[in-house]
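[1] Got a predicted structure here, sequence first:
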Amino acid sequence: MRFGYFANLTNWDHRPYTQILDETREIAVYCDQNHWDSIWLTEHHLNHEGMDACPNPLMMCADLAARTQQIRLGQAANIVTFWNPLRCAEDIAMLDQMSGGRVDVGVGRGVYGREAIHMNVDADLTDQGKNFRLFDETLTIMKKAWTEDAFAHDGEFYQYPAKGFQWQHDMSPPDENMVDLETHQLKKIGVVPKTFQKPHPPLWQVVDGHRSIDWAGRNGLNTIMWIPTVKALKERFQVYQKARSETEDRDVPLGEGISLVRDMFVADSMDEARDKAAEALLTYLRWIAHWRGLGNHMDPGEELPETPGKLDLLTYEFLLPRNLLFGTPDYVSGKIEELRDELNLQHLQVWSNFPCMPQDDVMSSIRKFTEEVMPKFADKRAVAAE
């Protein structure tokens, strides 16, 4: 099993932003020096409240690339519907070159309406169909930019080259592949640099619903999932397995191409894990569940009792057996073994720097996970790496 750290930057208590950066750097350097496979950063915007505080995971990954040697640098995710596709492709290629090919590219469509409508009006989440078409087209252009020396694209949202644009320069030799030699109108454009990894870095889509999971499987993207219970995840894993098997005309093993994010806090006792980290995690989940409710935390077919408030059931006791890696090293190891045995899980990302968490507690938990949990899966990690 491969282990990644999901470093979601939060600043709910409004510390100096330089402190948030330094704490993330400390986590990254420790993980790099202690044989973690990857570290992942998120993209969120306009969050004056401070719950999500990283507007550019590519810039953060570039900073971490300069401070680390081996760990892979992932984004979970770049919200590509907010980006100009050429700019996004260029920036990712630059990062891949700067890091020597250590990039994993996560892509997403966006989940917060306040972000989407202000970052790109075409990404407005009130029109899910249009948002998805924008996502699909943006990703198509990015792949062309990485894999073709020169390309053209004529789509719903973007046209490359711009129609009617003329290019003539004494130091730019005439090339009939790029320019119409009579009218001097551009026929194709090319992005520089290309990615270090060929044909491009691994692509991961953050997914939730069955339709998105099926689409990712049929379009050759790996997937990242987060909250659901083991029983609910099994259905999702099977949807992806079926889609990818049919598309690639082979029997894709359950779990291949899927990374799971789990909330983690390892301590010397179950009570200590709860006392130090439960409220911090619940603070974040209340933010998420305000829109999503509790559906993602439930088993298939499960019905929860009605309560006066929609989040009354969102308690630590409700979550712990469902989807938390909170507790002693033995307890957390047992929960990971369940994920491996039931889902053939091959990639696990864990998150522990929850809102307002003291950095000493975060690092203590990461060290315990590294020293007392990861070694139990060392043989499995070696097999996966081969």
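    That came through fine. A quick note: this is a predicted structure, and the numbers were derived from the prediction, not measured. Numbering: from 1, shown residues only.
[2] From now on I want contacts and neighbour counts done on CA atoms only, so please keep to that.
    Noted.
[3] continuing past whichever helix or strand residue 88 is part of, what's the next helix or strand?
    When elements are assigned from DSSP states H and E, residue 88 belongs to helix 85-98. Toward the C-terminus, helix 85-98 is succeeded by strand 103-108 as the next helix or strand (DSSP H and E).
[4] re earlier: pull out the buried residues from the helix holding residue 88.
    For helix 85-98, the neighbour count (16 or more other C-alpha atoms under 10 Å) marks 85-86, 88-98 as buried.
[5] Residues in contact with that helix: which ones?
    The list of residues contacting helix 85-98 from outside it, by C-alpha atoms under 8 Å, 6 or more residues apart in numbering, reads 58, 61-62, 65, 80, 102-103, 105, 138-139, 141-143, 145-146, 191-197, 201.
[6] mind listing which of the residues you listed are in helices?
    Secondary structure defined by DSSP state H assigns 58, 61-62, 65, 138-139, 141-143, 145-146 of the contacts of helix 85-98 to helices.
[7] Give the ChimeraX command for selecting the buried subset of those residues.
    Selection of the buried residues among those in ChimeraX, burial being defined by 16+ other C-alpha under 10 Å:
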select :58,61,62,65,138,139,141,142,145,146
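[8] got the ones in helices among the contacts of helix 85-98 as CSV, with pLDDT and distance to residue 153 columns?
    As requested, the ones in helices among the contacts of helix 85-98 are arranged in CSV below (pLDDT from 0 to 100; distance: C-alpha to C-alpha, whole Å):
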residue, pLDDT, distance to residue 153
58, 98, 25
61, 98, 29
62, 98, 29
65, 98, 32
138, 98, 11
139, 98, 12
141, 98, 7
142, 98, 11
143, 98, 11
145, 98, 10
146, 98, 14
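[9] For the ones in helices among the contacts of helix 85-98, give me TSV that also has distance to residue 163.
    Putting these into TSV (distance: C-alpha to C-alpha, whole Å) gives the following:
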residue	distance to residue 163
58	31
61	35
62	34
65	38
138	18
139	21
141	16
142	19
143	21
145	18
146	22
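[10] which residue packs closest to residue 262, ignoring adjacent ones?
    Counting by C-alpha to C-alpha, 6 or more residues apart in numbering, residue 350 is the residue found nearest to residue 262 once chain neighbours are left out, at 4.9 Å.
[11] Listing partners with orientation, what would you give for the strand or helix carrying that neighbour?
    Following DSSP H and E, one finds residue 350 within strand 347-351. Each strand that pairs with strand 347-351, with its direction, by DSSP bridges: strand 2-6 (parallel), strand 258-266 (parallel).
[12] Same list as before, these that is, but in JSON lines and with mean neighbour count included.
    Shown next, in JSON lines, are the strands paired with strand 347-351 (neighbours: other C-alpha atoms under 10 Å):
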{"stretch": "strand 2-6", "mean neighbour count": "23"}
{"stretch": "strand 258-266", "mean neighbour count": "24"}
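[13] Please write out the alpha-carbon positions of stretch 175-193 in CSV.
    Taking only C-alpha atoms (Å, rounded to 0.1, in the frame of the first residue of the first chain), the coordinates of stretch 175-193 have been written out as CSV:
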residue,chain,number,x,y,z
ASP,A,175,6.3,26.6,-41.1
GLU,A,176,3.3,25.4,-43.1
ASN,A,177,2.4,23.2,-40.2
MET,A,178,2.0,26.2,-38.0
VAL,A,179,1.0,29.0,-40.3
ASP,A,180,-0.8,29.5,-43.6
LEU,A,181,2.0,30.6,-45.8
GLU,A,182,-0.2,32.8,-47.9
THR,A,183,-2.4,34.5,-45.3
HIS,A,184,0.1,34.2,-42.4
GLN,A,185,-2.8,33.1,-40.2
LEU,A,186,-1.9,30.7,-37.3
LYS,A,187,-3.1,27.1,-37.9
LYS,A,188,-1.7,25.6,-34.7
ILE,A,189,0.0,26.5,-31.5
GLY,A,190,2.5,24.7,-29.2
VAL,A,191,3.0,24.8,-25.5
VAL,A,192,6.5,25.0,-23.9
PRO,A,193,7.7,23.2,-21.9
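[14] contact partners of that stretch?
    Around stretch 175-193, the neighbours that count as contacts under C-alpha under 8 Å, 6+ apart are 86, 90, 93-94, 145-146, 148-152, 160-162, 164-168, 174.
[15] ok, 10 Å please
    The set of residues external to stretch 175-193 that reach it, using C-alpha atoms under 10 Å, 6 or more residues apart in numbering, is 86-87, 89-94, 96-97, 142, 144-153, 160-169, 174.
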